[in-house]
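Visitor: After the sequence you'll find the predicted model.
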Amino acid sequence: DTTDSCEETSSRALGAYRKSCLDARIRHEIDSEELIYNPEAGHSTVWDFRFKNTSGMEWTAFDPWYAGLPSRKMVFLSDGSVRQLVEEEVVDVDDPSQSH
């Protein structure tokens with residue numbers, strides 16, 4: 001049921017927001033371990049990425065979020081690059097040999 005799915009997603013988002021607010025009361029910066037994706041660690045930060053609607057049709061047309069699909073999952077790597085995470089594998093979206 002999509003209603004249950006939306007409510008579950010909404011509940012998770014609200015919980016994450018509350019946790020973030022509580023964390024912000026205690027500390028005022030984050031460290032590199034929280035930002036940098038490390039596949040061996042088993043618990044790294046993965047960022048949901050979607051374009052804002054105001055970015056225009058040329059961007060949102062290729063964004064899965066606007067097609068009703070899950071948003072792209074992106075990670076920051078220790079070399080300073082940003083990559084997409086597909087099925088728990090880091091891929092270079094600019095490299096056609098890595099497309100799924």
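Guide: Done, it's in. Numbers count the residues shown, from 1 in each chain.

Visitor: What about residue 60, how many residues nearby?
Guide: By other Cβ atoms under 10 Å, the residues close to residue 60 number 16. The C-beta positions use only the backbone N, C-alpha and C, and glycine is treated the same way.

Visitor: show me the contacts for the residue nearest to it when sequence neighbours are not counted.
Guide: Spatially, and ignoring its direct neighbours in sequence, residue 60 is nearest to residue 66 (4.6 Å; Cβ to Cβ, 6 or more residues apart in numbering). Contacts for residue 66 (Cβ atoms under 8 Å, 6 or more residues apart in numbering) come out as 50, 51, 53, 60.

Visitor: Mind putting these into CSV with distance to residue 80?
Guide: Output for the contacts of residue 66, formatted as CSV (distance: Cβ to Cβ, whole Å):
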residue, distance to residue 80
50, 23
51, 22
53, 29
60, 27
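
Visitor: so which two of those are the farthest from each other?
Guide: In the contacts of residue 66, two members sit farther apart than any others by Cβ to Cβ. They are 50 and 53, at 9.4 Å.

Visitor: Just want to know which of these two has more residues nearby.
Guide: Remark: of residue 50 and residue 53, residue 50 carries more neighbours, 15 against 12, as counted by other Cβ under 10 Å.
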